[in-house]
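dropping the sequence and predicted coords here.
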Amino acid sequence: MVCLRVFRPFPVNSTVTRRKSHLCLTLIEMDELLRKLLDELDSIGQSNEEIYDSECRDKIGDPILYRFLRPDPQYYVPDDFGLRTEDANLRAKAALIAYTDDARKTAGDLGLNTFHARLEAFQNGDVASTVENNYFDDFFGWIDPDRFDDSGKSIQRDG
């Protein structure tokens, strides 16, 4: 099934259609979780422009990788993401924890159980911040899914 993430009314009498409708609504919920994260990061970026630098990108990407895409129970979210102010670092930490907690639960409910499925939900080029119209790759870069297996382990490629 392809979900265009556009709400369309479905006939109420179809069980299959209701399941498809639920799936689309859940994908929309994943989109909204991502938009909320992007909005908060953009809001932080209004007074902390370094959030768009590669040093910060690497640091804010780690919680996404280790708490959502490829969960590691030993990972802890740091207090410092390379932002100038303590307040900005704490806001970023809170936003990343909220997103990863909610995204993990929603992805589990939806059955997005592989690294690739979660990565596809996260790297959604249709979702932009409502603050500065930035996308996931403005903060996190892009991860090539072909470089990873379904568990998120890097695949070694020859030359």
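Structure's in. What do you need?

return the distance of the residue nearest in space to the middle of the chain relative to residue 74.
Nearest to the mean C-alpha position of the chain, counting by Cα atoms, centre = their mean, stands residue 122 at 3.5 Å. As judged by Cβ to Cβ, to the nearest Å, residue 122 and residue 74 stand 21 Å apart. For glycine as for every other residue, the C-beta is placed from the backbone atoms N, C-alpha and C.

got it, and residue 47?
33 Å.

more crowded one of those two?
Applying other Cβ atoms under 10 Å to residue 47 and residue 74 shows that residue 47 carries more neighbours, namely 12 against 5.

host element of the closest residue to the more buried one other than its chain neighbours?
Using Cβ to Cβ, 6 or more residues apart in numbering and skipping the chain neighbours, the partner closest in space to residue 47 is residue 88 (7.2 Å). Residue 88 is part of helix 86-110, with elements assigned from DSSP states H and E.

what comes up buried for that helix?
88-89, 91-93, 95-96, 99-100, 102-104, 106-107, 110 (16 or more other Cβ atoms under 10 Å).

by mean pLDDT, flag the weakest helix or strand of the chain.
None of the helices or strands of the chain scores lower by mean pLDDT, DSSP states H and E than helix 15-45, at a mean of 75.

now the element after that helix, going C-ward?
The helix or strand immediately downstream of helix 15-45 is helix 54-64, counting by DSSP H and E.

packing partners of that following helix?
helix 86-110, helix 136-140 (3 or more Cβ pairs under 8 Å, 6 or more residues apart in numbering; DSSP states H and E).

helix 86-110 and that helix, what's the angle between them?
Orientation check (axes from the mean of the first three to the mean of the last three Cα atoms, to 10 degrees): helix 54-64 against helix 86-110 gives 40 degrees.

buried set for helix 54-64?
Buried residues in helix 54-64 (16+ other Cβ under 10 Å): 56-57, 59-61, 63-64.

so which of those comes closest to residue 135?
residue 57 (12.9 Å; Cβ to Cβ).

from residue 81, how far off is the closest one?
10 Å.

ditto for residue 64
12 Å.

cool, residue 106 as well?
Residue 106 sits 24 Å away from residue 81 when distances are taken as Cβ to Cβ.
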